[in-house]
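need a 3D model of the following:
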Amino acid sequence: MALEDKTLPTDFGVDPDLAEAIQKYLVDGNLPCARAFALAEAQGVAPLIIGQTADVLQIHLTHCQLGLFGYPGHTKGWEVANLADHPVPPELPPAIQAALNADGILTCPAAWEIAARLRVPKMLVAYVAGQMGIRVRGCQLGAF
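Residues are numbered from 1 along each chain as shown. Down below sits the predicted model:
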């Protein structure tokens, strides 16, 4: 979703200290997903607050840890990482299927939980979900 298409809560205000901290985590003027999560932990705030603050500051998020956006040439992260050649544990597709919400969507937090539980790369979870025709939604940073 483009920055100009996003809406924030009407009562959302930017914390100047957080805005300054975000500037220190930028890479080439953008905020990589992993750095956004590290900053959220360091600042003791929800990742969504980091994402919303970045939106207000017109800072783009890059290098989604699930591989969904923010890679050169609009490619998916799993293409950059050559995950198509990575072995898929047989328990991964059923775990993805079991984690779908009522709308048949795999949320980002659910994908992360699967990756941690099965000890596989987060991108592999998103890649396999995509191969299964399953969409990932509910970015913790508010990107989608």
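
what residues does the residue nearest to the spatial centre of the chain make contact with?
By CA atoms, centre = their mean, the chain has its centre lying nearest to residue 64, at 4.5 Å. By CB atoms under 8 Å, 6 or more residues apart in numbering, the contact list for residue 64 reads 33, 70, 71, 77, 139, 143. To be clear about C-beta, it is placed using only N, CA and C from the backbone, and glycine gets the same treatment.

find the residue closest to the second one in space, skipping its chain neighbours.
In other words, residue 70. With sequence-adjacent residues excluded and distances taken as CB to CB, 6 or more residues apart in numbering, residue 70 is closest to residue 62, at 3.5 Å.

distance of that neighbour from residue 107?
21 Å (CB to CB, to the nearest Å).

how much space between residue 15 and residue 63?
Taking CB to CB, one finds residue 15 at 24 Å from residue 63.

neighbour count winner among the two?
residue 63 (19 against 13; other CB atoms under 10 Å).

the more buried one is in contact with residue 77, isn't it?
Yes - between residue 63 and residue 77 there is a contact under CB atoms under 8 Å: 6.9 Å.

between those two, what contacts are shared?
70, 71.

between residue 62 and residue 107, who's got more neighbours?
Set side by side, residue 62 and residue 107 show unequal neighbour counts under other CB under 10 Å, the larger going to residue 62 at 21 against 16.

ok, what's across the strand from the more buried one?
Residue 62 forms beta bridges with residue 32, as assigned by DSSP bridges.

now it: how far from residue 30?
From residue 62 to residue 30 the distance is 4 Å (CB to CB).

quick check: neighbours shared by the two?
With CB under 8 Å, 6+ apart, residue 62 and residue 30 have common neighbours residue 70.

hey, where'd the helices end up in this protein?
Applying DSSP state H to the chain gives helices spanning 16-24, 33-43, 47-56, 77-80, 92-99, 108-118, 122-131.

picking up where we left off before, which one of the contacts of residue 64 has the most neighbours?
Most surrounded of the contacts of residue 64: other CB under 10 Å gives residue 33, at 27 neighbours.

next up, the contacts around the closest residue to residue 101 other than its chain neighbours.
Leaving aside its sequence neighbours, residue 101 sits nearest to residue 107 (CB to CB, 6+ apart; 6.4 Å). Listed by CB under 8 Å, 6+ apart, the contact partners of residue 107 are 99, 101, 136, 137, 138.
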